Structure formats: C-alpha cells, structure tokens
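> turn this into a model:
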Amino acid sequence: MARYRKTFLFLLEMAAVIVLAFLLVSAFGRTVQNLGESMSPTIKNDDKVLIDSLIYRMKDPKRNDIVVFTPSGNLNARYSIKRIIGLPGDKIQVKNGALYVNDEMYSDVINTENMDDSGLAQYEIHLSENEYFVLGDNRNNSEDSRYETIGNVKPESIVGKVWFNVTPGNFGLME
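You can find the predicted model right below:
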C-alpha cells in the first residue's frame, strides 16, 4: 500500500512540475522572430526574442517598451515588433523629420535619424484612451503607426513585451 502511495505522490508531483513548466514557458518563453530591419540595431532581422505575455494584464504598457502586436488587430497577420512612443491621450506629430509628443520634441532612448517620411503624423495625431503609437527604431525603414497599414495600436492587439533576445551575437536582456 505504501508503495502505491509513493508512486501516486511521485506522479502527482511530476504532473504539477509539468503544468508549472508549461505555464512559465507560455508566459515568459514565447518566442517571436523579427522579420525585417525596422527595429535595427536594437533587434536585427531574423533575431528571435522572448516575450512576456502576462505583464500587461497586471500593468499598462509604458513609453519605450518594445512590444509584439498584431497589426490592426488582424490575428492572421504576422507579428510586428515596435517601440511604444505615444501613450493613450498623447498628441503625436512629426515636423521637419523630428518627433513631437505633446508639443515637445521627443528625446529618444536610442540614437535615431530624422524621419524622411512623416506619414500620417505630418498632422497632429490625438491618441484615444485605448491607443498606442509605435515606431520602429530604424525610423526610415519601418512600417509603423505613421502608416495606415499599422496605425495606432489597441491594447487588445498587444501580445506582450519583448524582454530577452535569444539570438547568438545579440543575446541578452532587452531595455
């Protein structure tokens, strides 16, 4: 009888470990491959990154977070990776190649070039209470919120926050 009890406890512990491992991998180990140069040099073409898909259930995205989302909420589209620049309620505009957030020139956390194409942001964009404005780090080679194909990103389109690059040569935590 004791042997059956030990076997049962062992199987129960194994099941708990498997469930816990599955939950951790689902939350923090989901891998997404970057396609294109729009996030270069931060994330290069073909880099694989891990995303935290739970963080935005506990708190709202912040400015400069690098997020994975489905463009225009299209669940059949490939994932896109961009940096959040504008938060709900912000005003965004690109004037003479420079980015303005709430009428102040934006100070990027990375070195970026002036933008050659303002796109929709040539006119002031007012974000609603459930929209984010995203840009690629490679501003002159990025399809982002400046264009209708991406537009402003809704919270329900955001899959998660990029937190780790698992690509050899670019391996490490993401800022």
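
> and the strands in the chain?
For the chain, applying DSSP state E gives strands covering 30-33, 48-52, 66-69, 80-86, 91-95, 98-101, 104-105, 125-126, 133-135, 158-165, 172-173.

> can you list the strands that the fourth one pairs with?
Sheet pairing of strand 80-86 (DSSP bridges) gives strand 66-69 (antiparallel), strand 133-135 (antiparallel).

> can you list the residues that contact the last one?
Outside of strand 133-135, the residues within contact range by Cβ atoms under 8 Å, 6 or more residues apart in numbering are 67, 69, 82-86, 90, 92, 99, 121, 125, 127, 142, 144-146, 150, 152-153. C-beta coordinates here come from the backbone N, C-alpha and C atoms, glycine included.

> return the most buried member of the strands paired with strand 80-86.
Of all the strands paired with strand 80-86, strand 133-135 carries the top mean neighbour count, a mean of 27, counting by mean count of other Cβ atoms under 10 Å.

> end to end, how far does stretch 63-77 reach?
24 Å (Cα to Cα, to the nearest Å).

> from the middle of its chain, how far away would that stretch be?
In terms of Cα atoms, centre = their mean, to the nearest Å, the centre of stretch 63-77 is set 6 Å apart from its chain centre.
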